[in-house]
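Participant: next comes the sequence, and after it the predicted model I'd like to discuss.
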Amino acid sequence: MTMGAPFWVLASEAPEALARFYSQVLQVPVDRQGAVQQLTLSEGHRLVIYQPSKQRPQPAQHGRLALCLPSANLESSLKQALAHGANALESIRQESFGREVWIEDPEGNRLLLLEWAR
């Protein structure tokens, strides 16, 4: 069995609006393919946003797997995300590997903004 390249998939009740949020925060265009919204991230990685079937809804989840958005300027990235509808879950924290802050996108999905230590 040959597998294709892995990609992120995100279930959304409003995929166009959520794709617009990620497009604005990540500054990449949205490629609409029918009901699926696709963003091509750095190095060819993809984020695919879709609306789950009404026959089999996808419940919101809080787990340990999260999208990490690296930043060269954490304050600026946080400000931009908040301006586009994100919610900060905490204050910026200093860790041994750099500075980070957990946020939620407009639908409550957790994301990590990270500025690596230099």
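Facilitator: On my side now, so go ahead. Numbers count the residues shown, from 1 in each chain.

Participant: drop to CA atoms for contacts and neighbour counts, all remaining ones
Facilitator: OK.

Participant: centroid residue for this protein?
Facilitator: residue 67 (5.4 Å; CA atoms, centre = their mean).

Participant: measure it to residue 81 for me?
Facilitator: Taking CA to CA, to the nearest Å as the measure, residue 67 falls 14 Å from residue 81.

Participant: one more: residue 101?
Facilitator: 11 Å.

Participant: flag every buried residue along the helix or strand of the chain with the lowest mean pLDDT.
Facilitator: One helix or strand of the chain scores below all others by mean pLDDT, DSSP states H and E: strand 8-11, with a mean of 86. Buried residues in strand 8-11, counted by 16 or more other CA atoms under 10 Å: 10, 11.

Participant: count of neighbours near the closest residue to residue 13 other than its chain neighbours?
Facilitator: Closest residue to residue 13 in three dimensions, ignoring its sequence neighbours and counting by CA to CA, 6 or more residues apart in numbering: residue 51, at 5.5 Å. If you count neighbours by other CA atoms under 10 Å, residue 51 ends up with 17.

Participant: OK, contacts around the closest residue to residue 7 other than its chain neighbours?
Facilitator: With CA to CA, 6+ apart as the criterion, residue 7 has its nearest non-adjacent residue at 5.1 Å, and that residue is residue 46. Going by CA atoms under 8 Å, 6 or more residues apart in numbering, residue 46 touches 7, 8, 38, 39, 40.
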